[in-house]
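Asks: Build me a model from this:
(chains A and B)
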Number of protein chains: 2
Amino acid sequence: MWGRPYDETNMVFSCMLCRRRERERCICENCYVRIMNQHNREINDLKAKVAFLSFWYPPNDDDAHHDSTHPALFFPDVMLVTSCSDDFSGSPPDPIHAHKAILADRSPVFKEMFENEMKESKTGTIKINDASNDAVRAFVNYMYTAEALVDENMGCALLVLAEKYMVKHLKDYCEKFLSTKLNWENSLNRYAFAHHNNAKLLLESALRIILNNMNMLTQREEYKEFVEKDPLLVVEIYEAYLSKLLND
Amino acid sequence: MWGRPYDETNMVFSCMLCRRRERERCICENCYVRIMNQHNREINDLKAKVAFLSFWYPPNDDDAHHDSTHPALFFPDVMLVTSCSDDFSGSPPDPIHAHKAILADRSPVFKEMFENEMKESKTGTIKINDASNDAVRAFVNYMYTAEALVDENMGCALLVLAEKYMVKHLKDYCEKFLSTKLNWENSLNRYAFAHHNNAKLLLESALRIILNNMNMLTQREEYKEFVEKDPLLVVEIYEAYLSKLLND
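Replies: Numbering: from 1, shown residues only, chains lettered A, B, ... in the order given. The predicted model follows:
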């Protein structure tokens, strides 16, 4: 694995990793291996901790409905109910079982809900009308595992839930994921979405793309919509553009 | 922070970290910084995940007894009761509240206990007679946080509980901790302790110390005790010694 010096006769050394000739700053193999071993030990310890703390969850939804060893079916004391079914059968969606202690630990909104003995706490049923059943199931799953398999739609749905229930770790996760999926086509819509959901990282990433394409801005269809429906949003883009021009 | 080459005229480079002259294998500053950044990002992500998944626990026991925001007091559905009080007041120890879902997720023994509707599940009370109240409290705390502040006594008490309830992550933690505290004085006792609790890592570490001090073995007081009470344990030490002599 380790490279030999690039040019031994002239005593010019090449980096073992990138093979570039490097005349000055370098670290020796011993130090590098020692530091890598330390890091790997730390990473392995942390991974073991995550594995211990996260709850086992069945890999797919079908199992989740029927498997009685599912942690959220293990003496649950609360139920999340959505109004919209994800399939087209017309049958009401299955309620999603969970534990007050776990939801409350991850979300200050749930914590207050349960502590103050609000209706949700007494009946043990939380109604969520503004999200799909699949999104709420993925949301609850995240509370138990800190894991989510998301596409862009699910990423947006989870970000909305994370913002509503103040689950910062999930919100960061969604913002990072959605930021990697940004392009000129979706940047205006994502900018507005980030704005409405107080998602600073996503907002800044989308704004950066918009500012790099200002010459095409007014031709976009969404632009005209925003000017009509949400002109303040458009003003903020122009303000950022002006500030960029003045500072560059 | 970065060192300059040790001896530029002769083109012999010194490592930026250990300052040793290094004539051959090295990596350049760019690669090193890039890899460190990757590792640090991974470590920070994992730390954030651990923080999200671990439950908030009050920093000391007094708070735990009285703080109603304590997660294990948040809609608990099970109670752990020990028979021995840790203080000298003679009053029975406070029961330790917890959640079946969390205990069952971390321990297959608790899982079976609750799934099979054994007495403990029906009454919601688990009696633990062979551990102190402080040890059981630290044990439950670990189930919620993956953290324990241990001295050697507590390390041993937690290892016994971890073995009994099959909490592998905690057992590994205790074995590693106790291994760092091994010396010739405690090695025989720890060896026996590891033997009885099926603690392979600790057993091997203790055995290594004993084998390096065989000339003093028969003089130790514990040695005579073990010969009387548990001769098979002593035989195993001699077998390991013989095998070491033959292989060296």
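Asks: I'd like to know how many residues surround A:N198.
Replies: 11 (other CB atoms under 10 Å in any protein chain shown). Any C-beta I mention is one placed from the backbone N, CA and C, and that applies to glycine too.
Asks: Is the closest residue to it other than its chain neighbours part of a helix or strand, or is it coil?
Replies: Nearest residue to A:N198 in three dimensions, chain neighbours excluded: A:E163, at 6.0 Å (CB to CB, 6 or more residues apart in numbering or on different chains). With DSSP: H, G, I helix; E, B strand; the rest coil as the basis, A:E163 sits in helix.
Asks: I figured A:E163 was touching A:H196, is that so?
Replies: No. The pair A:E163 / A:H196 is not scored as a contact, 9.0 Å apart, by CB atoms under 8 Å.
Asks: Can you pick out the residue with more neighbours from these two?
Replies: A:E163 (17 against 12).
Asks: which ones are touching the more buried one?
Replies: Shown here is A:E163, whose contacts under the criterion CB atoms under 8 Å, 6 or more residues apart in numbering or on different chains are A:171, A:197-199.
Asks: How many residues are close by the nearest residue to A:C174 once chain neighbours are set aside?
Replies: Nearest non-adjacent residue to A:C174, counting by CB to CB, 6+ apart: A:L159, 3.8 Å away. Close neighbours of A:L159, defined as other CB under 10 Å, add up to 25.
Asks: Buried residues of the helix or strand encompassing A:L159, list them for me.
Replies: Using DSSP states H and E, A:L159 maps to helix A:152-164. For helix A:152-164, the neighbour count (16 or more other CB atoms under 10 Å in any protein chain shown) marks A:154-164 as buried.
Asks: need the next SSE after the worst-scoring helix or strand of chain A on mean pLDDT, C-terminal direction.
Replies: None of the helices or strands of chain A scores lower by mean pLDDT, DSSP states H and E than helix A:61-66, at a mean of 50. Going down the chain from helix A:61-66, the next helix or strand is strand A:78-82, by DSSP H and E.
Asks: circling back: and the contacts of A:E163, which of them are in helices?
Replies: Using DSSP state H to define helices, the subset of those located there is A:K171.
Asks: Neighbour-wise, which one of the contacts of A:E163 leads?
Replies: A:A199 (26 neighbours).
Asks: Surely that residue is in contact with A:E175?
Replies: Yes. If you go by CB under 8 Å, A:A199 and A:E175 touch, sitting 5.1 Å apart.
Asks: which regions of chain A sit below the pLDDT cut-off?
Replies: Counting by pLDDT under 70, chain A contains low-confidence residues at A:1-13, A:21-24, A:56-73, A:84-90, A:120-121.
Asks: Following the record's annotation, map out the domains of it.
Replies: Following the assignment in automatic domain parsing, chain A carries domains at A:58-181, A:182-248.
Asks: A:S107: what's it in contact with?
Replies: Taking CB under 8 Å, 6+ apart as the test, what A:S107 contacts is A:143, A:165-167.
Asks: And for A:L103?
Replies: A:78, A:110, A:114, A:140, A:143.
Asks: And for A:M154, nearest residue in space, chain neighbours not counted?
Replies: A:A138 (6.1 Å).
Asks: What helix or strand is that neighbour located in?
Replies: Assigned by DSSP H and E, A:A138 belongs to helix A:133-145.
Asks: so that helix versus helix A:152-164, what angle?
Replies: Orientation of helix A:133-145 against helix A:152-164 (axes from the mean of the first three to the mean of the last three CA atoms, to 10 degrees) gives an angle of 60 degrees.
Asks: Can I get helix A:133-145 in CSV, CA atoms only?
Replies: Output in CSV follows, covering the C-alpha atoms of helix A:133-145 (Å, rounded to 0.1, in the frame of the first residue of the first chain):
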residue,chain,number,x,y,z
ASN,A,133,-49.0,8.3,7.2
ASP,A,134,-45.7,7.2,5.6
ALA,A,135,-44.1,10.4,6.6
VAL,A,136,-45.2,10.1,10.2
ARG,A,137,-44.1,6.5,10.3
ALA,A,138,-40.6,7.5,9.0
PHE,A,139,-40.6,10.4,11.5
VAL,A,140,-41.4,8.0,14.5
ASN,A,141,-38.9,5.5,13.1
TYR,A,142,-36.2,8.3,13.2
MET,A,143,-37.0,9.0,16.9
TYR,A,144,-36.1,5.3,17.7
THR,A,145,-33.1,4.8,15.3
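Asks: what packs against it?
Replies: For helix A:133-145, the elements it packs on are helix A:61-66, strand A:78-82, strand A:96-98, helix A:100-106, helix A:152-164, helix A:168-180, judged by 3 or more CB pairs under 8 Å, 6 or more residues apart in numbering or on different chains; DSSP states H and E.
Asks: Listing partners with orientation, what would you give for the second one?
Replies: Strand A:78-82 has the following strand partners under DSSP bridges: strand A:96-98 (antiparallel), strand A:125-128 (parallel).
Asks: Between the ones you listed, which one is closest to A:K224.
Replies: For A:K224, the closest of these is strand A:125-128, at 33.4 Å, according to CB to CB.
Asks: which of the residues in the closest one are buried?
Replies: Quick answer for strand A:125-128 (16+ other CB under 10 Å): A:126, A:128.
Asks: Show me the contact partners of it.
Replies: By CB under 8 Å, 6+ apart, strand A:125-128 touches A:78-83, A:95, A:110, A:113, A:120, A:136, A:161.
Asks: Restricted to buried residues, select those residues in ChimeraX.
Replies: The buried residues among the contacts of strand A:125-128 can be selected in ChimeraX (16+ other CB under 10 Å) with this line:
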select /A:78,79,80,81,82,95,110,113,120,136,161
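Asks: Report all helices and strands that the longest helix anywhere in chain A contacts.
Replies: Secondary structure of chain A per DSSP H: the longest helix is helix A:29-53. Here helix A:29-53 touches strand B:26-28, helix B:29-53, helix B:168-180, going by 3+ CB pairs under 8 Å, 6+ apart.
Asks: Quick one: distance of it to the chain centre.
Replies: 24 Å (CA atoms, centre = their mean, to the nearest Å).
Asks: Kindly report the same for stretch A:219-231.
Replies: With CA atoms, centre = their mean, you get 27 Å for stretch A:219-231.
Asks: Pull out the buried positions in that stretch.
Replies: Residues of stretch A:219-231 classed as buried: A:220, A:222-223, A:226 (neighbour count, 16+ other CB under 10 Å).
Asks: With respect to chain B, which of those residues is nearest?
Replies: Nearest to chain B among the buried residues of stretch A:219-231 is A:E222, at 33.0 Å by CB to the nearest CB.
Asks: can you tell me which residues contact the closest one?
Replies: A:188-189, A:192.
Asks: any idea how far it is from A:N186?
Replies: Counting by CB to CB, to the nearest Å, the gap from A:E222 to A:N186 is 9 Å.
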